[in-house]
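[1] A structural model of the following input is requested.
(chains A and B)
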Amino acid sequence: NAGVTQTPKFRVLKTGQSMTLLCAQDMNHEYMYWYRQDPGMGLRLIHYSVGEGTTAKGEVPDGYNVSRLKKQNFLLGLESAAPSQTSVYFCASSYGGPGNTIYFGEGSWLTVV
Amino acid sequence: ELKVEQNPLFLSMQEGKNYTIYCNYSTTSDRLYWYRQDPGKSLESLFVLLSNGAVKQEGRLMASLDTKARLSTLHITAAVHDLSATYFCAVDLESSGDKLTFGTGTRLAVRP
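    Residues are numbered from 1 along each chain as shown, chains lettered A, B, ... in the order given. Modelled structure (predicted):
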């Protein structure tokens, strides 16, 4: 009963380092998303994908890249981490379309020092 | 640009009391979602409202949607401590793609 799984759950990076967050879903969902959550704010969409091989920018895409090479995986990359990217990152997935529930992963806590 | 506003941002209520959380949004949409988040945890889907006048209830929580007023409410009946959490509403930005724009959340604390 895995659902949406994110790795790693916690990470500390130095400014300028790169890393990749991995999201995997086992529900055969077409749509996948990466959000970030900052204190006192709702979630903001970074990038999303409506199917294998597709990606699109969300509300706050700068400093991030994504790839969806396989339907079940959605990767979020930080090429050169900055302290402003300290946040909690949530991956989500859905079948897409009206009324479909969007399922969220457990979150990845990233600190950039 | 779609803006989603919730109020209040923080709500401290006594067990057994009733209260309502409001969610206003700025652009026409007929898809409204409510989520619950416990501290340090992920988001749990509570309700999906898809049309004007939609009402859904689960336990002590009831959500409604008025698309003409661009307003959704989450009503809490006879609050219990287990309902303490942060509640988010989210609105779909487009007719497809499920790109949600979230409100800032309402932190609910239910005290004895």
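[2] Tell me who's in contact with the residue lying closest to A:S67 once chain neighbours are set aside.
    Excluding its sequence neighbours, the residue lying closest to A:S67 (CB to CB, 6 or more residues apart in numbering or on different chains) is A:L75, at 4.9 Å. Bear in mind the C-beta positions are built from the backbone N, C-alpha and C, glycine included. If a contact means CB atoms under 8 Å, 6 or more residues apart in numbering or on different chains, then A:L75 has A:T20, A:L21, A:L22, A:C23, A:V66, A:S67, A:R68, A:L69 as its contacts.
[3] Please flag which of those sit within strands.
    A:T20, A:L21, A:L22, A:C23, A:V66, A:S67 (DSSP state E).
[4] hey, what's whichever residue of chain B sits closest to chain A bridged with?
    Using CB to the nearest CB, the single residue of chain B nearest to chain A is B:F102, 3.1 Å away. Counting by DSSP bridges, B:F102 is bridged to B:A90.
[5] again, but for B:N24
    Beta-bridge partners recorded for B:N24 (DSSP bridges): B:E5, B:L71.
[6] list the contacts for it?
    Here B:N24 is in contact with B:V4, B:E5, B:Q6, B:N7, B:R70, B:L71 (CB under 8 Å, 6+ apart).
[7] Over to B:S84?
    B:L108, B:A109, B:V110.
[8] Surely the residue nearest to A:S67 forms part of a strand?
    Yes - the assignment for A:L75 is a strand, going by DSSP: H, G, I helix; E, B strand; the rest coil.
[9] residue boundaries of the strands in chain B?
    In chain B, the strands defined using DSSP E lie at B:4-7, B:10-14, B:19-25, B:32-37, B:43-49, B:55-58, B:61-66, B:71-76, B:85-92, B:100-102, B:106-111.
[10] Looking at these, which is nearest to A:V60?
    Of all those, strand B:100-102 sits nearest to A:V60, with 11.8 Å by CB to CB.
[11] Show me what that closest one is packed up against.
    Applying 3 or more CB pairs under 8 Å, 6 or more residues apart in numbering or on different chains; DSSP states H and E, one finds that strand B:100-102 contacts strand A:43-49, strand B:85-92.
[12] Determine whether any part of the shortest one lies close to chain B.
    Yes - with CB under 8 Å from any CB of the partner chain as the measure, strand A:43-49 is seen reaching chain B through A:L43, A:R44, A:L45, A:Y48.
[13] Could you point out which of these is nearest to chain B?
    Closest to chain B, out of all of the residues of strand A:43-49 next to chain B and judged by CB to the nearest CB, is A:L43, at 4.6 Å.
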